[in-house]
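Student: sequence and predicted structure, then a few things I'm wondering about:
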Amino acid sequence: VTRFGKFSHIEDQNFGRKDKEGKISTIKFHPASLDLEDRVSFDHIFNTYEPINIYTVGSKIDDRTGGVFYVRENNISTAKWMAQLKPRNSLFHDELIAIKEACPLSSQSNQPIKIWTDRESSLHPTSCLKTNSPLAQDIQNILLNSPNIKLGWIRAHVGHEGNETADLLAKKATLERIPTQYPAPRNFLKKKLHTISTQLCQNEWNNGDTGRSVSPHPTKSQDLPNSLENTRNQVRLIFPSPQKT
């Protein structure tokens, strides 16, 4: 599924290429063209010099996630976007989705626009040439074609009105909105496939008739790390480390 983009059916579950993010195999931009040093800032200095400021926030409550962007023009609320996302979407993923959704709206304007996010980790892939995130590459492409847009980091929960409002909207979207479909991150798919594979191996062991002589030993995969550590300790007792003289 991840390498060849083919459909797969495992344990009554279907996995297709549309269910996950695409794989990035090559660098999309020439290093000389990806000059975003003055477009993506990490200086932790918040200001509203631009006439339009957009605040993006991702939220996670229990197994629900949500993302929003909230637009203020000359300190007046003018627009917002809210979406409930799937549990498979992490906060890092939610924030990138919100930034990407805000970019097309921003590119339609000729005025200077600043998009603020309170998750610094989501900004780094947007300025990195070798990012492995398709969402980050899409954002980079929009930034390169829309010189009026800048991205910046804003500290959360310190009283910035735009960020506080966006945070409340994100919590509301997480609980009340109809889920919006976005492809799952590749690491989510890998984790799910690993869980299924582990359970298949466990079932095969439980129902098998070979290797019964070691059946008193751990039979669950999650017990193996502790078992291996105990084995190491037993070996140390039999073959103690040589003492330095």
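Tutor: Nice, I can see it.
Student: C-alpha only now, for contacts and for neighbours.
Tutor: Fine.
Student: tell me the pLDDT of L200.
Tutor: Looking at L200, its pLDDT is 78.
Student: just I139 next, same as before
Tutor: Value listed for I139 in the pLDDT field: 92.
Student: C-terminal to the helix or strand harbouring it, what's the next element?
Tutor: Of the helices and strands defined by DSSP states H and E, I139 is found in helix 134-145. Remark: after helix 134-145, the chain's next helix or strand is strand 149-153, criterion DSSP H and E.
Student: could you give the angle of the helix holding I139 to strand 149-153?
Tutor: Our comparison of helix 134-145 with strand 149-153, counting by axes from the mean of the first three to the mean of the last three CA atoms, to 10 degrees, yields an angle of 130 degrees.
Student: give the other helices and strands that helix 134-145 contacts.
Tutor: helix 91-107, helix 120-127 (3 or more CA pairs under 8 Å, 6 or more residues apart in numbering; DSSP states H and E).
Student: list the contacts of Q111.
Tutor: 51-52, 148 (CA atoms under 8 Å, 6 or more residues apart in numbering).
Student: list the buried residues for the longest helix belonging to the chain?
Tutor: Ordering each helix of the chain by length in residues (DSSP state H) puts helix 186-207 first. For helix 186-207, burial by neighbour count (16 or more other CA atoms under 10 Å) applies to 186, 189, 205.
Student: show me the shaky parts of the protein.
Tutor: Scanning the chain for pLDDT under 70 picks out the ranges 1-33, 44, 187, 211-245.
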